[in-house]
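J.: Structure, please.
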Amino acid sequence: MKYLYWALLWLPAFLIGIAGRIFSPLAVCFIKREAYTTTIKRLDKQIITLQRDRLVWWLSWFDTDDNATDEYWYGLYDSASTWTQSDYDNSRLIRWYCRMMWLQRNSMYTFNRKFFGLDKKSELAWQYKAIKPIQFFGFKFNDINVGWKAHKEIDRLMYAGRVLGLRKQ
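T.: Numbering: from 1, shown residues only. I've put the predicted structure just below:
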């Protein structure tokens, strides 16, 4: 029963993810700054409070409930690791790109947790996670993560539907 329930949610979650990826380049134009305390990889993994970017409340479904919208920058993801703080502070384009890439990476995260998520004690909760790399035309397919996943101190499990991840080598 628990696997059937997960399978029935896969298509709606997939479609919501596509919608999130289509609209996130526009959504990240609506930002508010607020104090946020977290571990900052860019600052040698210090726990610090900074003014960080979050989406406005009416777009919070697009956002990640466990990180700020600018986490792609502060978490040193991919191309963001090659830019300086001055580049980031002085370029609207770089800030927009980093916010948008974070939401592309974590499409509709809050929406998925609230509408497709489960209580941690639910009998329907299960998870299968594995890394089984397959090389194909310069791409590496890996990171299988299906079921419901826990993250940080959040009391609700989030729907996980990554049947096959894709990473450029």
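J.: tell me the average confidence for the lengthiest helix in the chain?
T.: Ranked by residue count under DSSP state H, the longest helix found in the chain is helix 2-27. Throughout helix 2-27, pLDDT has a mean value of 94.
J.: Count the residues that sit near the nearest residue to residue 19 once chain neighbours are set aside.
T.: Among residues not flanking residue 19 along the chain, residue 108 sits closest, at 7.3 Å (C-beta to C-beta, 6 or more residues apart in numbering). Heads up, the C-betas are built off the backbone N, CA and C, glycines and all. Residue 108 has 25 neighbours, counted by other C-beta atoms under 10 Å.
J.: do the same with residue 128
T.: Neighbours of residue 128 (other C-beta under 10 Å): 11.
J.: Could you check how far the longest helix of the chain is from the centre of its chain?
T.: Centroid separation between helix 2-27 and its chain, computed with C-alpha atoms, centre = their mean, to the nearest Å, is 13 Å.
J.: buried ones in the very next helix or strand once past that helix?
T.: Once the chain leaves helix 2-27, the next helix or strand it forms, by DSSP states H and E, is strand 31-40. Of the residues in strand 31-40, 31, 36, 38, 40 count as buried by neighbour count, 16 or more other C-beta atoms under 10 Å.
J.: for the helix or strand immediately after strand 31-40 in the chain, packing partners?
T.: Downstream of strand 31-40, the first helix or strand assigned by DSSP H and E is strand 46-55. Using 3 or more C-beta pairs under 8 Å, 6 or more residues apart in numbering; DSSP states H and E, the elements in contact with strand 46-55 are strand 31-40.
J.: what sits against residue 107?
T.: 16, 17, 18, 20, 21, 24, 62 (C-beta atoms under 8 Å, 6 or more residues apart in numbering).
J.: So the last one: helix, strand or coil?
T.: Taking DSSP: H, G, I helix; E, B strand; the rest coil as the rule, one finds residue 62 in the coil state.
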